[in-house]
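**Q** Need a 3D model of the sequence below.
(chains A, B, C and D)
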Number of protein chains: 2
Amino acid sequence: MTPVSNEPNGTPRLADVARAAGVSQSTASRVLNGSARQVADEYRVRVLAAAEQVGYTTNLAAQAMARGHYPAVALVVGDIRDQFFARIAFGAMREASRRGYILNLLSTEGDESRERDLVQDLRRQRPEALVLARKRDTTARAGSRLMEQLIGFQRESGRVVIVGEPSEPVLAVRPPDFDGGKALAGALLELGYRDFVVFLGDNSIPSERDRLDGFRVGLSTGGVALPDSHVYLTSPSAAGGIAAATDYLADRSKAEVIVCTEDDIAWGAIQRLRGSGLEIPGDVAIAGYGRRRSSPLGDDADWLTTVRSPLEEMGAVAVSAALDPLASDVPLPAPEVHLGGSTPDRTPPRASRRKR
Amino acid sequence: MTPVSNEPNGTPRLADVARAAGVSQSTASRVLNGSARQVADEYRVRVLAAAEQVGYTTNLAAQAMARGHYPAVALVVGDIRDQFFARIAFGAMREASRRGYILNLLSTEGDESRERDLVQDLRRQRPEALVLARKRDTTARAGSRLMEQLIGFQRESGRVVIVGEPSEPVLAVRPPDFDGGKALAGALLELGYRDFVVFLGDNSIPSERDRLDGFRVGLSTGGVALPDSHVYLTSPSAAGGIAAATDYLADRSKAEVIVCTEDDIAWGAIQRLRGSGLEIPGDVAIAGYGRRRSSPLGDDADWLTTVRSPLEEMGAVAVSAALDPLASDVPLPAPEVHLGGSTPDRTPPRASRRKR
DNA sequence: TCCTGCCCGGAAAGCGCGTTCCCGACAAGA
DNA sequence: TCTTGTCGGGAACGCGCTTTCCGGGCAGGA
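**A** Presented below is the predicted three-dimensional model:
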């Protein structure tokens, strides 16, 4: 006896569709969930019509059990209210849905020690892949409880990808901050700048360090050095920019351009410097990093020279890497340097200059 | 014959735990998933130890199928990169995980017409509840395709809650913007302000209108009217604040306090007004709405008088309402007016004043 | 004409787990 | 001692779907 339909209140099941179409359940399944087998057109249309009529939707849990895997990828982020994570999540979601996958998002709510519990929880869903996005590399060390979970997960079902600092046994997508810093240095050198000051957001965040390191390397390629005394350590926010700018003014420092490792720092600094009567970029040029979507000061968002952090792409690439066992190397787009009015061309208008 | 263990590579199953513990599968299940039945301590510890040892994690899909429901709630938001949605999602996630539920987050990526497809997709997961967060009330009208999906979902499995404008057959959690506006009016009146100007962010967003309407009602309670000419329509951003402030200056308007329907508007306006030499709050006081976590200008974030939008609470409340069939009425916390230095007390320091 | 393949529908066996049903063991009451 | 009641353990079934496996029909070749 075939199961009884729950039509009155329950969700229609595959058996209901089959009965309505007058075919077997296997035929209905083959039509509705693309099997390797062919089904005659006559039956096919009957099944589709019946499915439409009874309002059938696949039960993913049942399908997962039968197939042995759940078409989902889990993403663990620090705090979804943070733009950094939100944009990674956005890209990851986009890529997951493009591939027909579900994206399960979990937030540690700032408490990174919760990562392990979240991962353990997530494993119950048997997702095919797991992506961990983090700003710091505090806990994912070999031997840690978190790493145990990751390895366990990796052994069982799927792959693990970390967005951030690499940690041996698992794949990682690193933000191209080093390259971004280097590219920014190159661009500024080409514009004719030779005297730099850096407002560094945070010494303990790898991304921030990478930006500075890359910048230094980029400068040295052009034969320019950046003494430590030209690096102002502050915090990655507008307030940090104000503080650094205050120090800068107190030092009576003089630079051609201030390079900030975060756009927010730049906006804060701009405000502080302008408040002190400095003209920007007249008295000092400025550049940021991050490419926020709008200026908090209401300026034209494109005015600030900055390096675009490909956060959304990183999320997408992480999902791809986690889902495609092929991709061992992660082809992240090269950071894009956006030159705006905040760093005008200092080179004299000679014929030797490139176009524009 | 009991199923064979996949120990070498597969995920350990309940049967593996049972065998390792030397008990039956049902006993193991009762221990690991709190059944009504009791299990002797001796067996209980054996099962728990075995589970730990083999690294067992419940297979949620299998459990869902056996139990008949999946402990998940789905959340559809506009764009997760938007703070508005991110904070709702944050609160929803917190509440869901507090209840042991999974939160499935989907973003329409700004294209609200995708909502219907997303909902249809989500239904395959058979979540117990569905929360829809939206800024506008564009498509969820009776008879729309989206509403069809919602009703269908509601009939089958769970409840639907909309965060935003109510739409007949489904429950809604409305942001307390009206009350917030009213409360702000009351607070400003009590501080002694009588002459107001409003910078309105967007005419077509219900929240913005509600804030204005509530503010008007609050003023009228104190016998103060707000003529239409005192309302500057602009856009909900710092740039909008700059534009509105520019209009305000051009009009040679004079108000005791400028009330903005978004904090970002306020920050933009502050910058523009300061740029014109006005002192704030000396020449004009200012208040916002939204309570961002930090000032983009680097000021003390608490300096700006504003009304806190309980976005996280809204997300949490929506999840609660969707999960608890009891809660027909949604007890949202009353909006909290934060008074900062941007709106100093104008009343003379008489004895009649309240404390502080 | 008969046989060999191939194609395609249908029946049935799981996927991993919760749950019901039944049995056995044991304690308490008569 | 017998009965009744209580409670833990084991076997079997079902959740909704996929996936063999089986068998019938039909085309093409000998």
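
**Q** how far does stretch A:94-102 sit from the chain's center?
**A** 15 Å (Cα atoms, centre = their mean, to the nearest Å).

**Q** now do stretch A:181-190
**A** For stretch A:181-190, the distance to the chain centre is 23 Å (Cα atoms, centre = their mean).

**Q** Only the buried residues of it, if you could.
**A** For stretch A:181-190, the buried set under the neighbour-count rule, 16 or more other Cβ atoms under 10 Å in any protein chain shown, comprises A:181-189. C-beta here means a position set from N, CA and C on the backbone, and glycine is covered the same way.

**Q** go on, stretch A:58-68?
**A** A:58-65.

**Q** And for stretch A:40-60?
**A** Within stretch A:40-60, the residues scored as buried using 16+ other Cβ under 10 Å are A:43-44, A:46-48, A:50-51, A:54-60.

**Q** Restricted to strands, list these.
**A** Of those, none are assigned to strands by DSSP state E.

**Q** and these as TSV, adding pLDDT and distance to DNA strand D?
**A** Below are these laid out as TSV (pLDDT from 0 to 100; distance: Cβ to the nearest atom of the strand, whole Å):
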residue	pLDDT	distance to DNA strand D
A:43	89	13
A:44	90	14
A:46	91	16
A:47	91	11
A:48	92	14
A:50	91	13
A:51	91	10
A:54	89	11
A:55	87	12
A:56	91	7
A:57	90	7
A:58	91	5
A:59	91	4
A:60	92	8
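
**Q** what does chain A have sitting close to DNA strand D?
**A** Within chain A, the residues that sit near DNA strand D (Cβ under 7 Å from any atom of the strand) are A:3, A:6, A:10-11, A:13-15, A:25-26, A:29-30, A:32-33, A:35, A:37, A:56, A:58-59, A:62-63, A:65-67.

**Q** From the centroid of chain A, which residue is nearest?
**A** In chain A, the centroid-proximal residue (Cα atoms, centre = their mean) is residue A:88; its distance is 2.7 Å.

**Q** can you count the residues close to residue A:244?
**A** 27 (other Cβ atoms under 10 Å in any protein chain shown).

**Q** so it is in which element?
**A** helix A:238-250 (DSSP states H and E).

**Q** Among the buried residues of stretch A:40-60, which one sits closest to residue A:304?
**A** residue A:60 (45.2 Å; Cβ to Cβ).

**Q** re earlier: so which of the buried residues of stretch A:40-60 are also by DNA strand C?
**A** Among the buried residues of stretch A:40-60, the ones lying near DNA strand C by Cβ under 7 Å from any atom of the strand are residue A:43.

**Q** could you dump the buried residues of stretch A:40-60 to JSON lines with distance to chain B?
**A** Shown next, in JSON lines, are the buried residues of stretch A:40-60 (distance: Cβ to the nearest Cβ, whole Å):
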{"residue": "A:43", "distance to chain B": "23"}
{"residue": "A:44", "distance to chain B": "21"}
{"residue": "A:46", "distance to chain B": "22"}
{"residue": "A:47", "distance to chain B": "17"}
{"residue": "A:48", "distance to chain B": "16"}
{"residue": "A:50", "distance to chain B": "17"}
{"residue": "A:51", "distance to chain B": "13"}
{"residue": "A:54", "distance to chain B": "11"}
{"residue": "A:55", "distance to chain B": "6"}
{"residue": "A:56", "distance to chain B": "10"}
{"residue": "A:57", "distance to chain B": "5"}
{"residue": "A:58", "distance to chain B": "5"}
{"residue": "A:59", "distance to chain B": "6"}
{"residue": "A:60", "distance to chain B": "5"}
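
**Q** the helices in the stretch 101-250 of chain A, which residues?
**A** A:115-123, A:145-156, A:177-190, A:206-221, A:238-250 (DSSP state H, counting those that start in this stretch).

**Q** Show residues contacting the first one.
**A** Contacts of helix A:115-123 with the rest of the structure, by Cβ atoms under 8 Å, 6 or more residues apart in numbering or on different chains, involve A:74, A:76, A:104, A:106, A:108, A:130, A:132, A:134, A:139-140, A:144-146, A:149-150, A:152-153, A:156, B:57.

**Q** got the angle for it vs helix A:145-156?
**A** With axes from the mean of the first three to the mean of the last three Cα atoms, to 10 degrees defining the directions, helix A:115-123 sits at 20 degrees from helix A:145-156.

**Q** buried ones in helix A:115-123?
**A** For helix A:115-123, using 16+ other Cβ under 10 Å, the buried residues are A:115-123.

**Q** pLDDT weak spots in chain A?
**A** A:1-9, A:110, A:112, A:137-143, A:157, A:168, A:292-301, A:326-331, A:348-356 (pLDDT under 70).

**Q** The closest residue to DNA strand C within it and DNA strand D, how far apart?
**A** DNA strand C sits closest to residue A:40 of chain A, with a gap of 2.9 Å, by Cβ to the nearest atom of the strand. According to Cβ to the nearest atom of the strand, to the nearest Å, residue A:40 and DNA strand D sit 11 Å apart.
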